[in-house]
Structures are given as C-alpha cells and as structure tokens.
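**Student:** coords please:
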Amino acid sequence: MHEKCSSMSIKELVRATTTDQSHYEPEFLQIAKAELDRQWAKVAEFRNSVRVRLNNQHEEVLTLEEGLSKLREKIGLWDAWIFTNCIDDVLILQQELTAWSGRFIQENQYQSSFWADSIEDLHQILSLFLALDDWHSLVRDDFTLHDWSILAESDSADYARAVIERLARENVRSTVKTRIMGNLFRDEAETSGGISYIVLAPSTAAEISQAILEEIQEMIENLHEQAAQYSARGDTPSELEIYERILKLVPDDQIALFNKGAILYEMEQYEDAAECFIKQSTGAGHETGDVEEYLQEILHKLPDHKPILHTMATLAQLRGETEQAKGYLEQILAVDATDPVAHVNLGHLYFADSSDDRRALQHFDEYLKLNPQADDRSTIEEIIRTLR
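**Tutor:** Numbers count the residues shown, from 1 in each chain. Predicted structure coming up:
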C-alpha cells in the first residue's frame with residue numbers, strides 16, 4: 001500500500017481521501033493521508049485552486065475565495081458559471097428565470113442537477129463543492145435531466161422565454177440549454193446541432209407543454225392576421241412593427257421576412273431589406289424567385305454588396321447554373337480579392353466540371369493562404385495533390 005500511495009499524484013491522493021474515500025479500505029486511507037501530510041505545502045496550494053469561466057469565455061485560475069466571489073457578479077438570463085475544483089469535478093451554475101439551476105459533471109459525464117432559489121443557498125453549496133466537502137447534503141431539490149424531454153428548440157431567446165414563462169405559470173419547472181453550453185451536456189438528451197436555445201421540461205408535463213406550444217403558435221398566427229389587417233389599411237409602420245414582433249419569436253418566419261424585406265425596399269432601406277431577403281433565401285421548403293428578383297434589384301443599387309453576391313452565387317449553384325455562380329463569385333473577388341469563401345467555392349466549381357484545373361488550383365492555394373486554419377484544410381490539400 002505504501003508503494004501504491006507513493007506512485008499516486010496529489011490529485012489522486014486528494015480524491016481518494018475526500019470524495020472517493022468510500023471506495024478504499026481504512027488502512028489505505030490512513031497511509032494516503034500520511035502521504036498528503038508529508039507534502040502538506042503542495043497539497044494546501046493544490047486544494048486552494050479553482051478554475052472558473054463564464055459561458056465559453058476565457059478560463060481563470062483563482063483561489064477558492066476569489067472563485068466564490070464570482071457568484072456575486074451579475075450575469076444574464078441563462079448565462080452560466082462553470083467551476084472546476086482541484087480534482088476536476090465540474091459544477092455548472094446557470095441563471096434561470098426565477099432561480100438558479102446546477103449541473104454536476106464528473107469525469108466528463110453528466111451526473112445530476114438541482115435547483116437553488118437564492119444566491120445564498122448557491123454560495124453554500126459551491127463553498128462545500130470547492131472544499132471537497134459533502135455539498136450534496138445541502139441540495140433539497142435535485143433531479144436528473146435524463147428524465148426530462150426536449151420541449152422546444154429555437155434560435156430565439158424571446159420564444160424560449162415565452163415557453164418558460166408559461167410553464168412557470170403552470171408550476172412546471174424547466175430549463176434552457178444554450179448552444180454554447182451544449183458540449184458539456186452530451187449525455188443529458190439528444191439535441192439538434194446549431195440551435196441556440198433548447199427548452200427542457202419534465203417528461204411528466206408533456207400534456208401541459210404541448211398545450212403551451214399550441215398557445216404560442218396561435219399567438220403567432222394572430223400576429224400574422226394583425227399584420228394583414230394593417231397592410232390592408234395601408235398602415236405600413238404598424239405592419240412593420242408586427243413583423244418585428246413575429247421575427248423576435250420566430251427569426252426564420254418566411255412570410256414575415258419577405259414582407260418586412262419588401263416594406264424596407266419600398267422605404268429605400270436597401271441594406272436592411274437585403275438582410276431580410278438573404279435570410280429568407282437560406283430557409284427550407286420555399287421558392288426563391290421573388291426573393292432573387294428583389295436581391296437583383298438591390299444589387300443594381302449596391303453593386304459591391306458581397307453578402308448579396310454570395311447568396312446569388314449559392315442560389316445559382318443550387319439550380320445547377322454553374323457559369324452564373326462563377327460570375328457572381330468573380331464579382332466578389334473584384335470587390336475583395338481576399339475573400340476566402342469566394343476562392344474556395346470557385347476552386348470547387350472549376351474542379352467539379354474540370355473546365356480549368358489551373359484556375360481551380362490557384363483558388364484553392366489562395367484559400368489556404370488566407371485561411372491556414374481552415375476546418376476543411378486536409379480535404380483541400382488532397383484536392384490540390386490530385387490537381388498537381
């Protein structure tokens with residue numbers, strides 16, 4: 001046992017004599033504690049350390065006192081403090097609508113969650129967690145997200161909040177998983193990639209949850225009806241205001257995007273109109289003819305508008321109009337010769353139709369020069385080897 005203890009790191013010894021002590025025989029624990037006593041100075045410094053970050057910001061290494069003080073800083077709704085103690089256990093404390101939620105991660109695996117109604121309660125729990133003491137004993141309202149379901153997924157914070165508020169009125173607790181925190185919760189529930197806000201609620205509240213989603217959908221439909229009424233009366237400012245409200249709830253609402261874009265175009269707010277039409281063109285399951293006409297008209301007025309040129313190139317490529325797509329991409333490079341996306345897309349187009357391997361090679365080379373850390377670097381380098 002002496003030999004085993006001497007071969008263990010300080011972190012392993014500390015874990016063995018604190019959170020994991022039930023896994024070891026008393027004789028071993030006695031020897032391990034003696035070994036820690038022998039290295040008391042290093043152990044004291046080791047245990048007085050915590051890693052802290054807010055959401056996905058830069059991680060700080062702090063003393064326990066400094067780490068605890070972070071809880072007093074004001075943060076936004078669904079922001080989360082991530083505390084990693086000296087033995088690499090993680091406690092994620094997220095600001096909810098009316099309380100705080102905590103998530104416990106051990107060895108990169110989600111373990112459990114809990115609610116805390118006040119910052120004082122949270123402070124006590126965190127203090128014990130960082131000190132490697134029995135923080136679980138202070139938790140009065142724990143649960144596991146394995147028993148919860150995804151209720152709604154949206155890119156809109158307003159939509160997520162509308163769902164959460166209605167659930168709260170029905171005395172149903174719920175939480176939101178944000179995109180920036182998603183990598184920490186891989187084992188909690190299957191989630192869609194790229195979604196900014198995922199509302200989770202107990203599976204037992206499925207019936208109430210469904211009724212709430214239907215209520216919100218009816219609200220959105222009523223807003224569309226109001227917009228149509230304002231349009232019929234020629235009240236453009238009120239109509240535009242309604243579309244703004246709809247898009248706060250459903251950022252990719254196709255009707256609202258198109259009509260808002262058309263109104264802004266008539267108001268000669270071409271940049272804002274283009275933003276609406278570009279966003280609409282990326283939506284699924286709709287024709288883009290009218291949108292392209294508007295974008296083409298705006299392009300006549302703003303001939304160097306790169307986002308429009310990129311969008312038109314993409315739409316042309318989707319229709320199989322390769323030469324037209326090349327034309328738009330060449331226009332982009334005439335405006336900005338350092339645009340890496342235009343270079344790589346031109347490279348792919350020339351490579352795909354084998355019309356000009358030399359130009360394909362030039363564009364791929366330039367792309368890698370402009371974007372040396374590109375995610376698709378290995379793929380592009382393989383194409384370049386083929387071309388050479």
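
**Student:** For Ser355, give its distance to Leu346.
**Tutor:** 11 Å (C-beta to C-beta, to the nearest Å). Placement of C-beta: from N, CA and C, glycine included.

**Student:** out of the two, which sits in the busier spot?
**Tutor:** More neighbours surround Leu346 than the other of Ser355 and Leu346, with 26 against 13 (other C-beta atoms under 10 Å).

**Student:** these two touch, right, Leu264 and Ala273?
**Tutor:** Yes. Between Leu264 and Ala273 there is a contact under C-beta atoms under 8 Å: 3.8 Å.

**Student:** ok, how many other residues are close to Lys326?
**Tutor:** Counted with other C-beta under 10 Å, residues neighbouring Lys326 total 21.

**Student:** do Asp158 as well
**Tutor:** Neighbour number of Asp158 under other C-beta under 10 Å is 15.

**Student:** Doesn't Leu151 lie inside a helix?
**Tutor:** No. Counting by DSSP: H, G, I helix; E, B strand; the rest coil, Leu151 is not part of a helix but strand.

**Student:** how about stretch 153-168: buried residues?
**Tutor:** Within stretch 153-168, the residues that count as buried by 16 or more other C-beta atoms under 10 Å are 153-154, 156-157, 159-164, 166-167.

**Student:** meant to ask about stretch 220-227, not that
**Tutor:** Applying 16+ other C-beta under 10 Å to stretch 220-227 flags 220, 223-224, 226-227 as buried.

**Student:** In helices, which of those residues fall?
**Tutor:** In this view, those that belong to helices under DSSP state H are 220, 223-224, 226-227.

**Student:** Tell me the one among these nearest to Leu77.
**Tutor:** Ile220 (21.6 Å; C-beta to C-beta).

**Student:** In contact with the closest one, which residues are there?
**Tutor:** 246, 249-250, 253 (C-beta atoms under 8 Å, 6 or more residues apart in numbering).

**Student:** Where does the record place the domain boundaries for this protein?
**Tutor:** According to automatic domain parsing, the chain comprises the domains 2-47, 50-143, 303-388.

**Student:** Redo those domains as TSV? Include mean pLDDT.
**Tutor:** As requested, these are exported to TSV (pLDDT from 0 to 100):
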stretch	mean pLDDT
domain 2-47	79
domain 50-143	93
domain 303-388	92
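
**Student:** will you turn these into TSV that also has distance to Leu257?
**Tutor:** Output for the domains of the chain, formatted as TSV (distance: least, C-beta to C-beta, whole Å):
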stretch	distance to Leu257
domain 2-47	52
domain 50-143	25
domain 303-388	13
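
**Student:** Quick one, which of the ones you listed gets closest to Lys279.
**Tutor:** Of the domains of the chain, nearest to Lys279 by C-beta to C-beta is domain 303-388, at 9.5 Å.

**Student:** now the closest one, how far from the centre of its chain.
**Tutor:** Domain 303-388 has its C-alpha centroid displaced from the chain centroid by 28 Å (C-alpha atoms, centre = their mean, to the nearest Å).

**Student:** Any figure for the gap between the nearest residue to Ile105 once chain neighbours are set aside and Gln30?
**Tutor:** Spatial nearest neighbour of Ile105, chain neighbours left out: Val90 (3.9 Å); criterion: C-beta to C-beta, 6 or more residues apart in numbering. Separation of Val90 from Gln30 (C-beta to C-beta): 30 Å.

**Student:** These two: who's more crowded?
**Tutor:** Val90 (19 against 14).

**Student:** For that one, grab phi and psi.
**Tutor:** Here is the backbone geometry of Val90 (degrees, to the nearest 10): phi -120, psi 140.

**Student:** and it, bridged to which residues?
**Tutor:** Thr84, Ile105 (DSSP bridges).

**Student:** so it touches Glu107, yeah?
**Tutor:** No. Judged on C-beta under 8 Å, Val90 makes no contact with Glu107 at a distance of 9.6 Å.

**Student:** Verify the contact between Ser101 and Phe114 for me.
**Tutor:** Yes. Ser101 lies in contact with Phe114 (C-beta under 8 Å); the separation is 7.2 Å.

**Student:** before we move on, which element is Ser101 in?
**Tutor:** strand 100-106 (DSSP states H and E).

**Student:** And that strand, what's buried?
**Tutor:** So for strand 100-106, counting by 16+ other C-beta under 10 Å, buried means 100-105.

**Student:** before we move on, what about stretch 53-66?
**Tutor:** Applying 16+ other C-beta under 10 Å to stretch 53-66 flags 54, 62, 64 as buried.

**Student:** Now, the residues you listed that are in strands?
**Tutor:** Among the buried residues of stretch 53-66, DSSP state E puts 54, 62 in strands.

**Student:** Mind putting the buried residues of stretch 53-66 into TSV with distance to Gln373?
**Tutor:** Listed next are the buried residues of stretch 53-66 as TSV, based on distance: C-beta to C-beta, whole Å:
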residue	distance to Gln373
Leu54	25
Leu62	30
Leu64	37
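
**Student:** And the buried residues of stretch 53-66, which is closest to Leu318?
**Tutor:** Distance to Leu318, by C-beta to C-beta, is smallest for Leu54 among the buried residues of stretch 53-66, at 40.0 Å.

**Student:** now the helices for the stretch 151-300 of the chain?
**Tutor:** Ranges of helices within the stretch 151-300 of the chain are 157-169, 206-233, 236-249, 254-266, 270-281, 289-301, based on DSSP state H, counting those that start in this stretch.
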